[in-house]
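# Predicted model and sequence follow; I will ask about them next.
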Amino acid sequence: MDNNPAMKTLDSAVEKYGGKKEALLSIMHEIQKAQGSISEDSARYLSQKLDIPVSQVFSAATFYRAFSTEPRGKHHIKVCTGTSCYLRASEKIFERIGRELNIAGEGASEDGEFSVEKVRCMGCCNAGPVMAIDEQICEDVSAGKIPDLPKQEIIGEMTHRKATTVIKKYREDK
């Protein structure tokens, strides 16, 4: 099992934190970042490596929204539906993104390139509604500002420069 690339990532994360049980969440963040989710196999393997019950790993993976037990897309989009953003029509933004990327509700696109989820407050209430594309915050978004472009042009090969360009376009179209 240790020859599996996913498990090597897990081993690396465990080693980084000295195999300490107290570092469970930090290790899980490393795994989530590298693999896009906390799979059942990863949870069981982590349970063995840290000598903790697998239920403890699953409890953390399902309690905290930072983790997902379902695979996320290569590019992950979060739409804030906290009170302030919700009152500014963030649900319409979520629906529009779903239509643009052909994703019904929360989840990933068939090709695994994109995933979208609703999140509670992102801490940008004064700039809402907000969404994040690969952790890049887009402020003052509206459904009408989401471009009618193929998904490759919406996100493309997301880099910091590309994310900045996308965000700049949203702001210019205000």
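That came through fine.
# Can you classify the closest residue in space to Ser90 that isn't next to it in sequence by secondary structure?
Excluding the flanking residues, the one nearest Ser90 by C-beta to C-beta, 6 or more residues apart in numbering is Pro129, at 4.1 Å. C-betas here are computed from N, CA, C, even on glycine. Pro129 falls in the coil class when you classify it by DSSP: H, G, I helix; E, B strand; the rest coil.
# from memory Pro129 sits against Thr83, does it?
No: using C-beta atoms under 8 Å, Pro129 is not in contact with Thr83; the gap is 11.1 Å.
# Burial check on the residue nearest to Ser90, number of neighbours?
Close neighbours of Pro129, defined as other C-beta atoms under 10 Å, add up to 28.
# what's the distance between it and Met7?
From Pro129 over to Met7 the distance is 40 Å, taken as C-beta to C-beta, to the nearest Å.
# phi, psi of the residue nearest the centre of the chain?
The residue lying closest to the centre of the chain (C-alpha atoms, centre = their mean) is His76, at 4.4 Å. Phi and psi for His76, reported as degrees, to the nearest 10, are phi -110, psi 130.
# contact partners of the helix or strand harbouring Leu25?
Under the criterion of DSSP states H and E, Leu25 resides in helix 24-35. Residues outside helix 24-35 that contact it (C-beta atoms under 8 Å, 6 or more residues apart in numbering) are 6, 9-10, 12-14, 16-17, 38, 42, 46, 50, 52, 56-57, 60-61, 64, 66-68.
# rewinding a little: and for the residue nearest to the centre of the chain, nearest residue in space, chain neighbours not counted?
Setting aside the residues directly before and after it, His76 is nearest to Ser115 in space (C-beta to C-beta, 6+ apart), at 5.1 Å.
# Ok, Ile27 next?
Ala13 (4.7 Å).
# Am I right that Gly123 is in a strand?
No: assignment of Gly123 by three-state DSSP gives coil, placing it outside any strand.
# circling back to that earlier point, tell me the mean pLDDT for whichever helix or strand the residue nearest to Ile27 is part of?
Ala13 belongs to helix 5-16 when assigned by DSSP H and E. Summarised as a single mean, pLDDT over helix 5-16 is 84.
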